[in-house]
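Chemist: what would the 3D arrangement of this be:
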Amino acid sequence: MKLSREKVVRLSHLIFNEFNNDEEIEFFADPSEIRQEIFKLISDEMKADEAIDALVRRKIETQKRTIVEGSDEWDVLYRKYYEEEVARHRKVMP
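Modeler: Got it, this is the predicted structure:
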């Protein structure tokens with residue numbers, strides 16, 4: 001999903017405010033630096049998601065036969081390949 005810069009800024013403020021309202025979280029940096037880092041993380045994730053989406057679409061396009069985007073088969077393949085690529089590219093730390 002593509003978000004405008006303004007929406008990402010708004011999200012970063014909302015996330016920061018949630019952190020700020022949590023008494024168990026203590027900040028050791030300036031709030032604007034923290035919001036900027038949140039903004040960067042969201043932007044980086046969106047870029048990674050776009051790259052994965054492009055990779056998945058190329059995989060589907062290289063099938064032996066043409067698979068029409070929006071068809072049930074295309075949707076199933078997209079989900080399958082997307083999950084595979086996410087697992088390969090995004091390692092979530094425990």
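
Chemist: all helices of the chain, in order?
Modeler: Counting by DSSP state H, the chain has these helices, from start to end: 5-21, 31-61, 72-89.

Chemist: tabulate these (TSV), appending mean pLDDT and mean neighbour count.
Modeler: C-beta coordinates here come from the backbone N, C-alpha and C atoms, glycine included. Listed next are the helices of the chain as TSV, based on pLDDT from 0 to 100; neighbours: other Cβ atoms under 10 Å:
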stretch	mean pLDDT	mean neighbour count
helix 5-21	95	13
helix 31-61	94	14
helix 72-89	93	13
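
Chemist: so what touches stretch 33-51?
Modeler: The contact list for stretch 33-51 (Cβ atoms under 8 Å, 6 or more residues apart in numbering) reads 1-3, 8-9, 11-13, 15-16, 19, 27, 89-90.

Chemist: what do you get if the cut-off is 7 Å, keeping everything else the same?
Modeler: With Cβ atoms under 7 Å, 6 or more residues apart in numbering as the test, stretch 33-51 has contacts from 3, 8-9, 11-13, 15-16, 27, 89-90.

Chemist: can you pick out the most distant pair from those residues?
Modeler: 27 and 89 (30.3 Å; Cβ to Cβ).
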